[in-house]
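K.L.:
sequence-free structure coming up:
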């Protein structure tokens, strides 16, 4: 993994491939790599869909190795949704395959000279780029099926659906899972629109003939990996709850905690929660021949994913995640898990971020386009997006723009990105993360829910302002580092509670690279990444005034706890004082 | 003019009227008044359509007096289009009438508790607010006709059309002219959407029984006014060009100078310019029984407006202004003046900013929704906005959002507001104003075209970067002051070239108020207003990074001069160093 592949899509005479060493980017992986390249090479005031933006795709530092959990891939750029720097990451197979092919990053640069779309094929023999207009507007499932026909079943794909081609802000970048289905998405921030603007429909990866990446010290590495896996298995979240019920185990928990945004953030508990919970999902998956415990990539031992079958026992979609179920469920007043699963499938197929989409549909409901709770109407709205009708293009531009187009005031976004599945008034730590993250409202940037609600890594009362700044700060720093390793962020549950598991991760990195990274070094690494990201954002015109929640969170009380977001501005401004 | 009228639209039990003295706002008028109130009272991070925003309507310092040219009214708020502070001003009768009624400002506050819309009637006896749901979605012409039926023909109206009610970003606030037609608009920045969000459809003013405002020193005032009028009459722009051809005298001039944005800012000259010029307009107006020389308010001596009749000799609209003719004309490749006049009528009737609308239609053409040059298609697009269809709501959200919805890169906006009728690459002084104005791209904020092209106030070569910063700085300061007097900005042509006419304006103010304002004092007053506005914007999160043009102006050369915008960022940052 010592090469960077650059594709200048608008080069004279057609797309031009350049392969270089890592140079100044050596030591970076995943989010560290994408943010380093974007921060250094992309002019912060450029138009996200213009020739100066770059789309950077990078496996993590441990991707492609025998390390457990190392299958996350980062997709970075200047975001068309937020205007900030953006890193969105996904599971699935591409991280492992791309890393084994030796690439630490793919950088898509420039702008197509016409409306040709391209297919990129990468294997052990090199890189081939070819016009692929026959793939235009294909949804992800059909696209991936065609790629399998053409390139066999040892491939992994990174692709966009029609929504990415249409350059909508909700567009995701899809990654195939172990069954070569396009179910794992770098969803947030419109990274799919940037891939669309670069005219690249799909990157097909085949690592046949490439060995697993070998650590500097194999024995130490094996030993560390064993301790790491043992740690994950013994923690109740990563060893029990997530494998059994997936992330959607949270629906009942968050709704009971009063922090489940319902009816477009009007209430904090959803009466229909129990009908769309992870427990229900898992039971249906068992009954119908699906699978509630399934990994999204080789080497995953938590296996929080699953396979969701429809009522007739046919594959419908992967097990919808908690945030997806919330976005299309409680937030829209919908309590029909089958219909939510159908929307999950549609989102994946069109190439749509489920969180942004669900938040936007709730706003459409607010604007009177459909009634809260009307699942069929919600399905139709998503189809409008897939078709790119005028209404679809409004919704496909995301929550903030939909709010503006329909003249709404209560629009739950920070830096243009919709808030995910935890109300910041009742889970204040995550509110701090939403407000201050370099990425816009993003729960994964510093998942304070762990400590606020799950009591992982200690306990900070979710309803009180005290301690939230420090909590979010530490999590944001740690997350930036973990997002660079290729590790799934869910390892953090075990890391936060079990120092020995954190040590095992350090040992993995040190054994692989021959480093002597300490816990402090990891935090320094995270700070370094956040600093690069914040520097980009500053140069893009973002100030502390953008590190705020929308006013209604400070004003309107959330039932049942009747709380507002009461963390002071001056405290929010201390998150990055370290 | 010693009262401020506040209407709390969402008060318990219905809208509540409070009338106070000027207090700390004494000495402010027009833009000075609106910006002082907004800057002090509106939380900069509030949602523009939420309860915390305020819509401030203020006549100028000399409005309602016998002074010539004093009929401008300012409408201010936090703008839903730009997110900045906003002052948009208009001619017509309301400034004079409101001032004679004694109100230095109307402040609409709060938020309606339901979807009732209100009518406000103000005469010598006081203020009456009544529900007026029967007026819902009425276009401006029908609305004003109804008000005349009800209140007689001595009224002046301030109103919104359906587009303001629908809270679209292109929504204007309409003011009636001397014929009680809704032809003069505070167009820019979506001020009509804020009036819509306050639930106020129309403010009807009747100054019957109220005397003209009397100056502190009547003789001095009369003498100053005579010198002022003489000065305006003897200057070639205000005494000849504007009366004869209106502002549209600029079409040929700017196109010949290569600074006329054509086909969405792709070229700098328009082949069809001569077919839509002011000369053609004036000739048609004469032939058809219209009138090419007509004032928009009592006391106007420049009379740059006019009355435009259709081919059958019936009133169609007021004489379309240069920026309107450009926006719907050359910028969309349209060279049919009758169809442009039809769009002007539609814009006025629906309550739409013609500049934002034309810029947006050009983007729709860029996106393939219509062909450049297709006037009938353009008319239909404006009708979509008036009807509030999904497509209409996209376009009604303005150029920036339309660009985002359709995935376009070359979107000519600054701070979310569309650039007006002068290409900043070929008229660099106005480019500086677009970039740095507190209002987003706004030619009226510092009309460097005067000196770049018309050689008024000296000459600064429009194609060279030298001297543009100083030019824009001085004009922005002077304009902020003039916008506070109630004076039409067109007086500036004479003021810039004739020191004695500038002195006459000072004498007018001093005689009226008993002040001893000097030229320096006027500039200090302008600086004070700009400082308040910039302070608001800073607190709203705007930095020097927002004082930039879109990247393509720095990159793509504009024919025929093949120029880019080459004023350095660090020089732009010096505009407000005084």
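P.N.:
Arrived safely, thanks for sending. Since the model is a prediction, treat every value here as computed from it, not as a measurement.

K.L.:
tell me the mean pLDDT for the strand or helix carrying residue A:538?
P.N.:
According to DSSP states H and E, residue A:538 maps onto helix A:519-539. For helix A:519-539, the mean per-residue pLDDT is 98.

K.L.:
isn't residue A:169 up against residue A:401?
P.N.:
Yes. Counting by Cβ atoms under 8 Å, residue A:401 is a contact partner of residue A:169 at 7.0 Å. All C-beta spots, glycine's among them, are computed from the backbone N, C-alpha and C.

K.L.:
what touches both of the two?
P.N.:
Counting by Cβ atoms under 8 Å, 6 or more residues apart in numbering or on different chains, the shared contacts of residue A:169 and residue A:401 are residue B:404.

K.L.:
chain center to stretch A:167-181: distance?
P.N.:
Between the centre of stretch A:167-181 and the centre of its chain there are 11 Å (Cα atoms, centre = their mean, to the nearest Å).

K.L.:
end to end, how far does stretch A:532-549 reach?
P.N.:
Using Cα to Cα, to the nearest Å, one end of stretch A:532-549 lies 23 Å from the other.

K.L.:
got the buried residues for it?
P.N.:
By neighbour count on 16 or more other Cβ atoms under 10 Å in any protein chain shown, the buried set for stretch A:532-549 is A:532-537, A:540-543, A:545-549.

K.L.:
and if you look at stretch A:140-147?
P.N.:
A:140-141, A:143-144, A:146-147.

K.L.:
and those as JSON lines, adding secondary structure, pLDDT and distance to chain B?
P.N.:
Below are those laid out as JSON lines (DSSP: H, G, I helix; E, B strand; the rest coil; pLDDT from 0 to 100; distance: Cβ to the nearest Cβ, whole Å):
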{"residue": "A:140", "secondary structure": "helix", "pLDDT": "98", "distance to chain B": "19"}
{"residue": "A:141", "secondary structure": "helix", "pLDDT": "98", "distance to chain B": "23"}
{"residue": "A:143", "secondary structure": "helix", "pLDDT": "98", "distance to chain B": "20"}
{"residue": "A:144", "secondary structure": "helix", "pLDDT": "98", "distance to chain B": "24"}
{"residue": "A:146", "secondary structure": "helix", "pLDDT": "98", "distance to chain B": "24"}
{"residue": "A:147", "secondary structure": "helix", "pLDDT": "98", "distance to chain B": "25"}
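
K.L.:
what's the closest of these to residue A:350?
P.N.:
The closest of the buried residues of stretch A:140-147 to residue A:350 turns out to be residue A:140 (Cβ to Cβ; 7.5 Å).

K.L.:
look up the closest residue to the closest one, ignoring the ones flanking it.
P.N.:
The shortest distance from residue A:140 to any non-neighbouring residue, by Cβ to Cβ, 6 or more residues apart in numbering or on different chains, is to residue A:182 (3.7 Å).

K.L.:
equivalent analysis for residue A:478, please.
P.N.:
residue A:526 (5.8 Å).

K.L.:
what about residue A:422, which SS state?
P.N.:
Per DSSP: H, G, I helix; E, B strand; the rest coil, the local secondary structure of residue A:422 is coil.

K.L.:
what's the closest residue to it other than its chain neighbours in contact with, if anything?
P.N.:
Of all residues not flanking residue A:422 in the chain, residue A:430 sits nearest, at 4.7 Å (Cβ to Cβ, 6+ apart). By Cβ under 8 Å, 6+ apart, the contact list for residue A:430 reads A:422, A:424, A:443, A:446-449, A:452, A:472.

K.L.:
looking at those, spot the one nearest residue B:89.
P.N.:
Using Cβ to Cβ, residue A:424 is the member of these that lies nearest residue B:89, at 39.6 Å.

K.L.:
how about the closest residue to the closest one other than its chain neighbours, what does it touch?
P.N.:
Among residues not flanking residue A:424 along the chain, residue A:431 sits closest, at 2.7 Å (Cβ to Cβ, 6+ apart). When contacts are counted by Cβ under 8 Å, 6+ apart, residue A:431 is found next to A:424-425, A:468, A:549, A:553, A:565, A:567.
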